[in-house]
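Engineer: Attaching a predicted model along with its sequence, questions to come.
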Amino acid sequence: QVHLVESGGGLVQPGGSLRLSCAASGTILKINAMGWYRQAPGKQRELVAAITSGGSTNYVDSVKGRFTISSENVKNILTLQMNSLKPEDTAVYYCHADLIASVAAGLEYRDYWGQGTQVTVST
């Protein structure tokens, strides 16, 4: 069984910063890639930032230069440093992992999602 647990969301004023963390636990053999998605009310879930096991990163254009994704591979921890936050960044942020896990039947190749953490940027 694999679990992704996010933390670090909250309320912040425009221009402020937040740091999101995601801890992956369980019988994980290899993480191929991890990322952060977000979903605002009435909108589709979108990829915010992703990082591969090799360290390659990509960002949605709207957060480039403001957000930084990083990972601690040994500890299976993913972080998202969010600076210069804007009201349009308000959303539920979800951690995602594409990984290989050891299960009773052998190996499981699939992706997992965290439960989400609310980020609200408002005065």
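Structural biologist: Received it, and whenever you're ready, just let me know what you need.

Engineer: in this structure, which spans are strands?
Structural biologist: 2-7, 10-12, 18-26, 28-39, 46-52, 57-59, 67-72, 77-82, 91-103, 106-113, 117-121 (DSSP state E).

Engineer: Name the stretch among those strands that sits most buried.
Structural biologist: Of these, the one with the most neighbours on average (mean count of other C-beta atoms under 10 Å) is strand 77-82, at a mean of 21. (C-beta placed from N, C-alpha, C; glycine too.)

Engineer: quick one on the thing from earlier: can you lay out the strands of the chain as CSV showing mean pLDDT?
Structural biologist: Formatted as CSV, the strands of the chain follow (pLDDT from 0 to 100):
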stretch, mean pLDDT
strand 2-7, 94
strand 10-12, 98
strand 18-26, 96
strand 28-39, 95
strand 46-52, 97
strand 57-59, 97
strand 67-72, 95
strand 77-82, 97
strand 91-103, 95
strand 106-113, 91
strand 117-121, 98
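
Engineer: thinking Tyr37 is in contact with Ala97, fair?
Structural biologist: No - assessed by C-beta atoms under 8 Å, Tyr37 is found out of contact with Ala97, at 11.3 Å.

Engineer: so what's the residue lying closest to Gly10 once chain neighbours are set aside up against?
Structural biologist: Spatially, and ignoring its direct neighbours in sequence, Gly10 is nearest to Leu18 (6.4 Å; C-beta to C-beta, 6 or more residues apart in numbering). Shown in contact with Leu18 (C-beta atoms under 8 Å, 6 or more residues apart in numbering): Gly8, Gly9, Gly10, Val12, Met82, Leu85, Val119.
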